[in-house]
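> Take this sequence and fold it.
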Amino acid sequence: MSLSLPKFVILTGSERAHGNTDQIAAYINALLDGMDCATDVIHLREHHILPCGSCGECNMRASACHIDDDMPLVISRLRQADGIVYAAPVHGYGMAHPMQIFIERAGVGYLRFERPLANKVAGAVVTGRRYSHEAVAAQLINNILLNRMILVGSGYPAIVHGGSPGAALHDKEGLESIRMLIARMAGMVNLMRSLSPEAIVRHLSPDTSNERHTGSSLPSHYQSVLLE
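Numbering: from 1, shown residues only. Next comes the predicted model:
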């Protein structure tokens, strides 16, 4: 087993500083610190991340997205993690836009080429006042599965109810679900770190192929690039 501390990234997708999602991220950070894990908290709102443009090249490019912003930096920090906690609030009955933009840009723009997050341990936490928590949780969970990560849960979705800032910290049941989630994630990370890279490859397929199939209708210059 590696002598270094297990490393977690807490990726938050709220545009509101010091709100419930930030406070829950701090709670998760404290839990991980008590479990002898190193943490890196990434607040997406603090980074220059542009939405997808109109180029339409994502499924035809043989290299990462050409948009010049902070996406490569964020992806690099995720690659260094053993475990990743996605934390996002419900806004307008759906996922808050910083996390939505990140997921859209990261998926086909960066992560499909080498599948760098494959076999990393992941969990999802959702904050919100009252409605649509499950819908946002489902989107995060589907994205975790898409990236071939190892999804860990607490027995039911880690959902925290709270409207005004600070209210989420009074949801005792929600906090307990997060505590259980983080404990199980830390345990899974330590289990994975006890295995050799060869054992992981042997038991968990290292396949990094892209599921998206290109059709014969692609422009010829794109076909030649993909065949090189």
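> Name the residues of the top helix by length along the chain that are buried.
The longest helix of the chain (DSSP state H) is helix 172-193. Using 16 or more other Cβ atoms under 10 Å as the test for burial, helix 172-193 gives 174-175, 177-178, 180-186, 188-190, 192. Just so you know, the C-beta spots here come from the backbone N, C-alpha and C atoms, and that holds for glycine as well.
> same check, this time on stretch 30-48
Buried, per 16+ other Cβ under 10 Å, within stretch 30-48: 31, 32, 35, 37, 39, 41, 42, 43, 44, 45.
> Check the model's average confidence along it for me.
Averaging pLDDT along stretch 30-48 gives 98.
> hmm, who's touching that stretch?
Stretch 30-48 has contacts (Cβ atoms under 8 Å, 6 or more residues apart in numbering) with 4-17, 22, 25, 29, 69-70, 73-74, 77-78, 80-81, 83, 98-99, 101-102, 178-179, 182-183, 186, 189.
> The same query, at a cut-off of 7 Å, please.
By Cβ atoms under 7 Å, 6 or more residues apart in numbering, the residues outside stretch 30-48 that reach it are 5-15, 25, 29, 69-70, 74, 77, 98-99, 102, 179, 182, 186.
> Filter the buried residues of stretch 30-48 down to the ones in strands?
39, 41, 42, 43 (DSSP state E).
> if we can go back for a sec, mind giving me the ChimeraX command for buried ones among the contacts of stretch 30-48?
Buried residues among the contacts of stretch 30-48 (16+ other Cβ under 10 Å), as a ChimeraX selection:
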select :6,7,8,9,10,11,12,13,14,15,25,29,74,98,99,102,182,186
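> The chain: helices as residue ranges?
Using DSSP H, helices in the chain cover 20-34, 71-79, 97-106, 133-146, 172-193, 197-203, 220-227.
> lowest-confidence stretch among those helices?
Among these, helix 220-227 carries the lowest mean pLDDT (a mean of 41).
> rewinding a little: what packs against the longest helix of the chain?
Using 3 or more Cβ pairs under 7 Å, 6 or more residues apart in numbering; DSSP states H and E as the contact test, the elements touching helix 172-193 are helix 20-34, strand 121-128, strand 158-161.
> okay if I get those as TSV plus distance to residue 65?
Below are the helices and strands packed on helix 172-193 laid out as TSV (distance: least, Cβ to Cβ, whole Å):
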stretch	distance to residue 65
helix 20-34	26
strand 121-128	22
strand 158-161	30
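> so which of those gets nearest residue 201?
The closest of the helices and strands packed on helix 172-193 to residue 201 is strand 121-128. By Cβ to Cβ, the value is 16.6 Å.
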